[in-house]
Structure formats: structure tokens, C-alpha cells
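# starting from these lines, generate the structure:
(chains A and B)
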Amino acid sequence: MNAIPPDCLKRWTRVISETKTLAAWPAWWEEPKPPKSKIERLPVVSLEAGRYILVVPLNDSSGITMEGARLRLHVPTRRLDIDMTATLECLDWNDYHRCIARLDANPTGAHTNRHWRDFKLPWRLDGTHLHPFELNARLGGSAFTSENMPIAEAWPHDIRNFREFLRSVGYAFNIADVGGLPPPPWNEGFQF
Amino acid sequence: MTMINIRTTAEEIAKTLAYAKQSGSDQLIVTPLLYPSGSMVVVRIDKSADGYFVSDYGCGARETSMMGESEKIFRRQAKKASELHGVKFTEDLFYDSDVPAEALVGAVICVANASKYCVEQTALAVATAERNTRRELLWSHLEVAFQGTKIVRGGEVSGASDRWEFDAVVQREVQPVLFELVSPTGGSVNAAVTKFLDIRDLGPEMFGRVAVTVDRANTPHLAVLARNAQIIGLKSPASDYAAAA
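Here you go, the predicted model:
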């Protein structure tokens, strides 16, 4: 069955619509860690695929932490201000964390909307785009599992740096104080 | 006339299906292959001492990480995907190395397809997966509560008299913390009490001890458990996990 269970849909809708705040002030961590025993084999690997990740639980408008709701930020470790992604995650009907909305800022590759005709959207998006909950939910539960949020809309704001990315995340996901998160530990003096 | 126009159109489409792009010093090829989310598969090529290095730029792993709790499934699928497409996989990257110039097109096709295949298979596996164990839920909560701290899943710790396995050991610098799931049965409570008691005999400050109840209301002997460990519920918010530790 592809339908999202009603209680789950209700929870997700609340998480989307609620004005949220950060429930913690976490630090960034790096992933993947180079395997210590194998690092001599191909050290370039972790440099290329490396990313900084930050995950933070979210409070609702009354300051109570929402069960399973969290924000996840991904940025590349060696590329500044591109391929930055934010996902809003919630527990699903099986207690798995699922991404229910996603913002891709300055992605390397374009996005292709498979359902462009049904949703009257451009078939291709070249720059920053939002995978909105409301549109993807119309596809049913598979949009949040096997299809991985296939519908996206162009994001109307330019994102030139991390601060502007956070501002857009706050606006897209309705998180009031996300702008206070620390930047990733990039060495901005490096030319990669 | 119409035939010529259609042929021209077909040729134009074919030429624009894939394109090259530079990102910083990285030379990329944006392919027409799509991940399940609709993102295009990107391949990076780089000159190496004995030919070329071709990789999926970590995009497959990155794409998978957006699905939530799917990294382990991705790595399991990666072995099959790399064998099927004749490429290599390590950490979070599909790649082929020392590729001669005449084989570059083939290498790009194989790396791109391996990455796409692996993400698709991961998405299907994630869609049908049930929560394997309560341990996974516990680990998921701990990752949020103790970000940046090493978490040993199913770690062993020596107590005053014996060696015990705990569901999770959070390797905090100030004081490691032991987490043990407790089911609502007498046997589960007794096992947890035994472990925590033996650890406590090392000295009360040596380890943080946290019992995580699956169904607190129906868990027997809670008072005995509470003498040896902090108690929280499995579905408690991350802040409770951190506070209990």
C-alpha cells in the first residue's frame, strides 16, 4: 500500500507547519572517516567523498522537543558553498527516520522532475531547488522511501554562502533560529 | 524536409544528453542517468600517474544519505553494484583507476551506472525494510544526543568480576556511558541489573550507566534497576539521553 498512514501524515504535517526552534547546539562532524587500517590504500577517497554533517533535534513552538523531528545539514568538506543540502527528517510508520523535505543549494548536477507534466513544473532545474513536502506527499508513501523525494521546485533566492544557505533553510523549513548554527569547519583560505 | 528537421533535432538532443562541467579544479561530466530523486549522476575524471581516475564524486553516497538511516544498506549494496559493473568501491566512492585514455568512455559509463544502480537498490531496500531491532532505534537516538562522540555499538566492557556486552557504549572523554535496553520481562531486568552491578563495583564514577526501557509501565523491578542505573524510555527525546548520561 502506497498511502501514508493517517497518523503519520498528521505528525509530518504538524512538523512541517509548526514554527520550530533548535533543541540543541551541536557540532559538525566529518563523514566518512578514513579507515585507519586501510588509509594507505587510497587516501584520495575520503577527500573526494568527504562531507561535514550536522544533525539537530527540533522543538515545537512551545519549546517542547518533537519526537523524532530533526534537521540534517550536509556540506562537502573540500568544496565551499556548493552541494549544500538540508533535510528535514521525521520518524515514519516503522520508526525509521525519513526525509520529508529537502533543500539542495548550488548542486553540481541538474535535477530532473519525472512528474513534470502532472505537477506543471519545469522538467529540469539547474540551480538551487526545494523538494517540498506538500507536493511529494501527493505521490504517497513511496515518495519518502523508494523515490526519495522526486518532485522539486526552483528556489527563488540566490545562495552565495553558508549564511544565506541557513537563511533559506529557516525559510523553507520554518525554523526560527537556524541562522545561529555555526559554519562548517571549512578552511576558507584554501583554494581547492 | 521533415525528416531532416527531426534528424537535426535528434542530433541536438543526443549532443546535450551529457555535458562537461568544471567545479573548482574538478572536471565533471553530468550524465543523463538519474538517481531516484531525479538528481543527475555526475562523474569526475582526473589525470593520474598511470592513466585516469574516474569516480562518481561521492554523489551516490551523498544521495543515499538524504534518505535517512540508509548508509549501512548502501554499503551492503555497493559490493554487488561494483561487481556487476566492473568497477571498485571504497568508503563512499565508486571509482576506476589507471584507466587508459581509450577506455575512458567505458569507465565513465560503468562508474555512473554502478552509482545509479546502487542508489536505486538502496532505495528499494529502505522502502521495504522494517526496523530490524530496537538496538537500531537506540543507536539512532544516541547519534543525535552525542554528536561527534564515538559510539560503539554492542561494545564490550570489563566489570569488577566479568566482561559484559552492552547495547551501546558512548566513549565520552570525561566518562564513558553504557546503555542497555531493557524489555518488560524479569529476565531482561535481572540481566541488566547484573551487568550494571558488576560495572558499578569498579567505582560509581568509572562509567555512566543508563537502562533504556522499551515499555516502562510494564517493566518489573524498576526500583532495583534504579539502584544501579539511570532509567529512560527508548523513545525519550535526545535531550533526555544526554541528561541521563
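
# going forward, measure contacts between C-alpha atoms and count neighbours the same way
Will do.

# need the per-residue pLDDT for the residue most central in space within chain B.
Compute the mean C-alpha point of chain B, and by Cα atoms, centre = their mean the closest residue is residue B:71, 2.7 Å away. For residue B:71, the model assigns a pLDDT of 79.

# where does chain A have its least confident helix or strand?
Between all helices and strands in chain A, the lowest mean by mean pLDDT, DSSP states H and E belongs to helix A:44-49, at a mean of 62.

# got a list of contacts for the next helix or strand after that helix?
Per DSSP states H and E, helix A:44-49 leads on to strand A:51-59 as the next helix or strand towards the C-terminus. For strand A:51-59, contacts defined as Cα atoms under 8 Å, 6 or more residues apart in numbering or on different chains pick out A:20-32, A:65-66, A:68-78, A:184, B:144, B:147, B:238.

# strand partners of the helix or strand that strand A:51-59 is followed by, parallel vs antiparallel please.
Per DSSP H and E, the first helix or strand lying C-terminal to strand A:51-59 is strand A:65-76. Partner strands and pairing direction for strand A:65-76 (DSSP bridges) are strand A:51-59 (antiparallel), strand A:84-91 (antiparallel).

# flag every buried residue along strand A:65-76.
Buried residues in strand A:65-76, counted by 16 or more other Cα atoms under 10 Å in any protein chain shown: A:65-76.

# below-threshold pLDDT in chain A: ranges please.
Of all residues in chain A, those with pLDDT under 70 make up the ranges A:1, A:32-47, A:188-192.

# all helices for it, in order.
A:6-17, A:44-49, A:116-119, A:133-137, A:162-173 (DSSP state H).

# make sure residue B:68 is actually in contact with residue A:101.
No - applying Cα atoms under 8 Å as the test, residue B:68 and residue A:101 come out as separate, 11.6 Å apart.

# now the common contact residues for those two.
residue A:89.

# for these two, indicate the residue with more neighbours.
Neighbour tally, residue B:68 and residue A:101, criterion other Cα atoms under 10 Å in any protein chain shown: the higher count belongs to residue A:101, 27 against 22.

# list the beta-bridge partners for that one.
Note on residue A:101: beta-bridge partners by DSSP bridges are residue A:88.

# and the strands in chain B?
Assigned by DSSP state E, chain B shows strands spanning B:19-23, B:26-34, B:40-48, B:51-55, B:88-90, B:93-99, B:151-153, B:156-158, B:163-165, B:168-170, B:177-182, B:208-213, B:230-233.

# would you convert those strands into CSV that also reports distance to residue B:112, mean pLDDT and mean neighbour count?
Conversion of those to CSV gives the following (distance: least, Cα to Cα, whole Å; pLDDT from 0 to 100; neighbours: other Cα atoms under 10 Å in any protein chain shown):
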stretch, distance to residue B:112, mean pLDDT, mean neighbour count
strand B:19-23, 14, 89, 13
strand B:26-34, 7, 93, 19
strand B:40-48, 6, 93, 21
strand B:51-55, 8, 94, 22
strand B:88-90, 12, 90, 19
strand B:93-99, 8, 93, 23
strand B:151-153, 33, 89, 17
strand B:156-158, 41, 90, 14
strand B:163-165, 42, 90, 15
strand B:168-170, 37, 94, 23
strand B:177-182, 41, 94, 25
strand B:208-213, 43, 93, 24
strand B:230-233, 44, 90, 19
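
# give the contact list for the residue lying closest to residue A:59 once chain neighbours are set aside.
Nearest residue to residue A:59 in three dimensions, chain neighbours excluded: residue A:65, at 4.0 Å (Cα to Cα, 6 or more residues apart in numbering or on different chains). By Cα under 8 Å, 6+ apart, the residues touching residue A:65 are A:23, A:57-59, B:237.

# next, format the helices of chain A as CSV and append mean neighbour count.
Output for those, formatted as CSV (neighbours: other Cα atoms under 10 Å in any protein chain shown):
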stretch, mean neighbour count
helix A:6-17, 16
helix A:44-49, 20
helix A:116-119, 11
helix A:133-137, 19
helix A:162-173, 20
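
# what packs against the helix or strand bottoming out on mean pLDDT in chain B?
Sorting the helices and strands of chain B by mean pLDDT, DSSP H and E puts helix B:238-244 at the bottom, at a mean of 83. Using 3 or more Cα pairs under 8 Å, 6 or more residues apart in numbering or on different chains; DSSP states H and E, the elements in contact with helix B:238-244 are helix B:134-145, strand B:230-233.

# those: lowest mean pLDDT?
In terms of mean pLDDT, the lowest-scoring of those is helix B:134-145 (a mean of 86).

# mind listing what's buried along that one?
For helix B:134-145, the neighbour count (16+ other Cα under 10 Å) marks B:135-145 as buried.

# got it, and stretch A:175-189?
Across stretch A:175-189, burial judged by 16+ other Cα under 10 Å covers A:175-176, A:178-179, A:181, A:184.

# which of the residues you listed sit farthest apart?
A:176 and A:184 (19.7 Å; Cα to Cα).

# number of residues surrounding the closest residue to residue A:73 other than its chain neighbours?
Distances taken as Cα to Cα, 6+ apart place residue A:86 nearest to residue A:73, at 4.5 Å, with adjacent residues excluded. Look at residue A:86: counted by other Cα under 10 Å, it has 27 neighbours.

# contact partners for residue A:86?
By Cα under 8 Å, 6+ apart, the residues touching residue A:86 are A:71-74, A:102-104, A:169.

# of all those residues, which two lie farthest apart?
Using Cα to Cα, the contacts of residue A:86 reach their maximum pairwise distance at A:71 and A:104, which is 13.7 Å.

# now do the same contact list for the residue lying closest to residue B:124 once chain neighbours are set aside.
Excluding the flanking residues, the one nearest residue B:124 by Cα to Cα, 6+ apart is residue A:146, at 5.0 Å. Contact partners of residue A:146, counting by Cα under 8 Å, 6+ apart, are B:36, B:120, B:123-127.

# isn't residue A:178 up against residue A:21?
Yes - if you go by Cα under 8 Å, residue A:178 and residue A:21 touch, sitting 7.2 Å apart.

# next, count neighbours for the nearest residue to residue A:182 once chain neighbours are set aside.
Among residues not flanking residue A:182 along the chain, residue A:27 sits closest, at 7.7 Å (Cα to Cα, 6+ apart). Using other Cα under 10 Å, residue A:27 is surrounded by 18 other residues.

# tell me the bridge partners for the closest residue to residue A:63 other than its chain neighbours.
For residue A:63, ignoring the flanking residues on the chain, the nearest one in space by Cα to Cα, 6+ apart is residue A:21 at 7.4 Å. On the basis of DSSP bridges, residue A:21 is bridged to residue A:59.

# isn't residue A:21 right next to residue A:180, touching?
No - Residue A:21 lies out of contact with residue A:180 (Cα under 8 Å); the separation is 10.6 Å.
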